[in-house]
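In: no sequence on hand, only this structure:
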């Protein structure tokens with residue numbers, strides 16, 4: 001088993017779920033996940049945001065607002081719909097995942113969502129959509145909610161149980177919330193509790209997603225640390241996430257958040273997709289990577305060829 005830090009394209013191509021989780025764990029809190037939106041114009045025009053974040057040192061790529069029935073990645077060469085994920089993996093040689101958004105019957109968002117975020121059928125966390133995603137080649141699925149969608153922790157738990165039963169060891173399952181997603185009763189320190197962490201773990205999550213310290217109001221390093229300890233005691237890893245557009249903050253802020261996340265004991269770090277829109281600011285990806293793993297590992301990830 002290699003540490004994720006030392007893995008190259010040929011390693012990722014052959015990794016199954018178990019090997020991917022082991023490689024992440026062995027890297028001791030030095031794995032960076034970057035989120036991108038494919039339906040928006042890429043920052044570099046004819047280069048996908050997925051390729052751009054990979055070039056800046058992202059270890060794993062998370063596709064947001066990805067509709068499995070109508071997949072769109074601006075900047076991608078002409079590709080058949082069912083081959084879009086595999087094409088992104090071919091161009092970046094990184095593990096690639098998508099967000100799916102669980103809905104609780106009878107529960108609606110307390111806030112009106114921006115037109116851009118409105119949920120399409122291929123983004124809902126149904127079993128059919130998850131199976132399609134796996135067939136398309138995704139390495140991991142993140143059960144979470146975009147702004148104003150109305151995703152509850154109860155809906156995440158129920159979906160995890162369904163996915164664990166039917167998808168088993170086919171795909172890594174990550175679950176949690178990086179902001180309230182329109183459910184005001186689950187905002188601030190109520191966004192995730194130890195009870196939620198335990199519920200997600202028991203329902204089948206491999207990795208628990210938590211808001212990074214200094215992002216959601218009231219979420220301190222000490223609070224996140226307590227949730228990380230809880231998850232680790234249950235044999236689960238954690239991912240601290242910046243999903244509050246602070247991926248577009250100045251580099252000093254990013255470096256402070258990165259160091260706080262490292263001190264919580266988290267296993268993975270996440271940067272959202274709202275720098276200018278579609279991905280984090282490239283300089284913030286670079287600086288975050290340098291904080292959590294130093295220049296040696298950061299530049300190695302940036303420099304190593306996808307042909308290795």
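Out: All right, it came through fine. Keep in mind that what you see is a predicted model, and the values were worked out from it rather than measured.
In: report the central residue of the chain.
Out: For the chain, residue 62 is the residue whose C-alpha lies nearest the centre (Cα atoms, centre = their mean; 5.0 Å).
In: shouldn't it be within a strand?
Out: Yes: per DSSP: H, G, I helix; E, B strand; the rest coil, residue 62 lies within a strand segment.
In: in contact with it, which residues?
Out: 33-36, 96-99, 140, 142, 270 (Cβ atoms under 8 Å, 6 or more residues apart in numbering). To be clear about C-beta, it is placed using only N, CA and C from the backbone, and glycine gets the same treatment.
In: partners of it in the sheet?
Out: Legend: beta-bridge partners of residue 62 under DSSP bridges are residue 35, residue 97.
In: can you read off the pLDDT for it?
Out: You'll see residue 62 listed with a pLDDT of 98.
In: what segments of the protein are strands?
Out: 31-37, 60-64, 96-100, 140-143, 172-176, 207-211, 237-242, 268-271 (DSSP state E).
In: so can I have CSV of those strands showing distance to residue 194?
Out: Shown next, in CSV, are the strands of the chain (distance: least, Cβ to Cβ, whole Å):
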stretch, distance to residue 194
strand 31-37, 23
strand 60-64, 25
strand 96-100, 24
strand 140-143, 19
strand 172-176, 13
strand 207-211, 11
strand 237-242, 12
strand 268-271, 20
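In: closest one to residue 258 among those?
Out: Residue 258 sits nearest to strand 268-271 of all the strands of the chain, at 6.8 Å, using Cβ to Cβ.
In: which helices and strands sit right next to the closest one?
Out: Helices and strands in packing contact with strand 268-271 are listed as strand 31-37, strand 237-242, helix 251-264, helix 282-303; criterion 3 or more Cβ pairs under 8 Å, 6 or more residues apart in numbering; DSSP states H and E.
In: now those as CSV including distance to residue 132 and mean pLDDT?
Out: Output for these, formatted as CSV (distance: least, Cβ to Cβ, whole Å; pLDDT from 0 to 100):
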stretch, distance to residue 132, mean pLDDT
strand 31-37, 19, 98
strand 237-242, 23, 98
helix 251-264, 32, 98
helix 282-303, 29, 97
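In: any low-confidence regions in this structure?
Out: 106-112, 180-187 (pLDDT under 70).
In: now the helices for it?
Out: With helices called from DSSP state H, the chain shows them at 9-14, 17-26, 49-55, 84-92, 127-136, 153-167, 194-203, 221-233, 251-264, 282-303.
In: so of the ones you listed, which one's packed in deepest?
Out: helix 49-55 (a mean of 24; mean count of other Cβ atoms under 10 Å).
In: which residues are contacting that helix?
Out: 34, 36-38, 40, 42-44, 61, 63, 73, 75, 88, 91-94, 96, 273, 278-280, 282, 285, 302.
In: in this structure residue 207 contacts residue 238, no?
Out: Yes: applying Cβ atoms under 8 Å, one finds residue 207 in contact with residue 238, separated by 6.5 Å.
In: give the residues shared as contacts by those two.
Out: What both residue 207 and residue 238 touch, as defined by Cβ under 8 Å, 6+ apart, is the set 267-268.
In: on that earlier part again, look up how far residue 154 lies from the residue nearest to the centre of the chain.
Out: 23 Å (Cβ to Cβ, to the nearest Å).
In: run through who's touching stretch 7-16.
Out: 2, 23, 89, 93-95, 139, 169, 304-308.
In: quick one: that stretch to chain centroid distance?
Out: In terms of Cα atoms, centre = their mean, to the nearest Å, the centre of stretch 7-16 is found 19 Å from the chain centre.
In: do the same with stretch 217-229
Out: Relative to its parent chain, stretch 217-229 has a centroid offset of 19 Å by Cα atoms, centre = their mean.
In: picking that back up, how about the strands of the chain, which one is nearest residue 127?
Out: Taking Cβ to Cβ, strand 96-100 is the member of these nearest to residue 127, at 10.2 Å.
In: now for that closest one, which elements pack on it?
Out: strand 60-64, helix 84-92, helix 127-136, strand 140-143.
In: out of these, which gets nearest to residue 245?
Out: It's strand 60-64; of the helices and strands packed on strand 96-100, that one is closest to residue 245 (Cβ to Cβ) at 13.0 Å.
In: quick one on the thing from earlier: go through the strands of the chain and name the closest to residue 159.
Out: That would be, of these and by Cβ to Cβ, strand 140-143, which comes in at 5.6 Å.
In: list the strands paired with the closest one, with their directions.
Out: The pairing partners recorded for strand 140-143 under DSSP bridges are strand 96-100 (parallel), strand 172-176 (parallel).
In: I'd like these as CSV, with distance to residue 211 and mean neighbour count appended.
Out: Formatted as CSV, these follow (distance: least, Cβ to Cβ, whole Å; neighbours: other Cβ atoms under 10 Å):
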stretch, distance to residue 211, mean neighbour count
strand 96-100, 15, 24
strand 172-176, 8, 26
